[in-house]
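**Q** What follows is a protein structure lacking sequence information:
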Ligand SMILES: C[S@@+](CC[C@H](N)C(=O)[O-])C[C@H]1O[C@@H](n2cnc3c(N)ncnc32)[C@H](O)[C@@H]1O
């Protein structure tokens with residue numbers, strides 16, 4: 001099975017804890033060209049009423065909330081779920097001291113342990129492409145939303161970071177085949193039709209940002225954190241030398257074009 005959708009592999013390995021994901025988030029945080037950072041940009045797109053109950057599925061270590069804590073309406077109640085116990089432990093370390101506002105639960109997005117029509121908004125940030133049975137997850141998200149509730153699903157576009165795939169394939173041809181977003185089952189291009197089977201008024205917003213990377217190590221960490229880029233720990237030093245040479249060749253900057261965005265949809269009726 002494709003590792004991208006292999007729940008057992010993802011739970012036990014890639015997302016056992018947040019260390020691998022963190023290497024990728026660090027690169028985006030430190031080298032993005034946009035002044036509006038990703039998690040702030042996503043938060044700025046929310047149109048969520050006061051006194052809302054909000055569910056995030058696949059919350060990881062809770063970055064969306066940690067990064068926006070200083071402007072979180074005090075009357076929102078946020079339930080954070082993930083199927084990785086390790087991710088939830090880290091979320092608890094970050095946000096557990098705010099009981100009453102944050103609730104944590106281990107849950108698979110395909111079987112949510114909540115009554116129908118509980119939440120005013122639901123969020124799935126860069127996680128639906130990991131769910132092999134997306135209709136099951138979308139059906140569950142629709143079920144737990146109240147009528148007129150909003151679903152926010154963040155994902156990548158088909159061209160997202162293909163410059164990086166190309167760079168890695170210069171180091172080792174064919175190594176980055178698994179990073180072709182054209183094969184990704186839930187993108188900004190193929191996601192809207194999938195949502196339309198369950199929701200209405202589907203809208204696509206793109207975050208205008210690229211990467212301008214000026215140091216080798218963060219890029220090496222990023223590539224090694226991902227099972228999709230086909231470079232492993234035993235190649236770290238060789239790959240580092242390769243990236244340094246590339247930086248020299250490109251005047252100290254490696255530019256990687258990104259395509260991240262947010263799909264917004266409404267449960268009508
Ligand atoms: C790429 S990470 C994104 C984490 C977080 N949403 C963020 O944007 O930082 C994907 C997360 O989804 C979780 N995940 C993947 N499939 C899931 C499923 N079927 N049910 C619940 N969580 C899932 C993983 O454990 C991981 O924490």
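**A** Noted; the coordinates are in hand. The structure presented is a predicted model; accordingly, all values stated were derived computationally and were not measured.
**Q** contacts, neighbours, all on C-alpha from now
**A** Noted.
**Q** Identify the spatial nearest neighbour of residue 219, chain neighbours not counted.
**A** residue 27 (6.9 Å; CA to CA, 6 or more residues apart in numbering).
**Q** brain fart, residue 96
**A** residue 102 is the one closest to residue 96 (CA to CA, 6+ apart), at 7.2 Å.
**Q** hang on, the earlier thing: count the residues that sit near the residue nearest to residue 219.
**A** 19 (other CA atoms under 10 Å).
**Q** tell me the pLDDT at the residue nearest to residue 96?
**A** pLDDT for residue 102: 95.
**Q** Surely it and residue 75 touch.
**A** No. Between residue 102 and residue 75 there is no contact under CA atoms under 8 Å: 11.0 Å.
**Q** And those two? Which one has more around it.
**A** Ranked by neighbour count (other CA under 10 Å), residue 102 and residue 75 place residue 102 first, with 19 against 13.
**Q** separation between the more buried one and residue 125?
**A** Distance of residue 102 to residue 125, given as CA to CA, to the nearest Å: 17 Å.
**Q** what's the answer for residue 260, then?
**A** 11 Å.
**Q** Quickly list what's touching both of these two.
**A** Residues touching both residue 260 and residue 125 (CA atoms under 8 Å, 6 or more residues apart in numbering): 154-155.
**Q** what residues does this structure put near the ligand?
**A** 11, 15, 57-60, 63, 82-84, 87, 107-110, 125-127, 130-131 (CA under 6 Å from any ligand atom).
**Q** all helices for the stretch 1-150 of the chain, in order.
**A** 7-9, 19-31, 38-45, 63-66, 85-95, 134-144 (DSSP state H, counting those that start in this stretch).
**Q** Indicate which one of those is closest to residue 174.
**A** With CA to CA, the closest approach to residue 174 among these belongs to helix 19-31: 21.3 Å.
**Q** what packs against that closest one?
**A** strand 210-213, helix 216-225 (3 or more CA pairs under 8 Å, 6 or more residues apart in numbering; DSSP states H and E).
**Q** mind putting the ones you listed in JSON lines, mean pLDDT and mean neighbour count included?
**A** Rendered in JSON lines, the data for those read as follows (pLDDT from 0 to 100; neighbours: other CA atoms under 10 Å):
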{"stretch": "strand 210-213", "mean pLDDT": "98", "mean neighbour count": "20"}
{"stretch": "helix 216-225", "mean pLDDT": "96", "mean neighbour count": "20"}
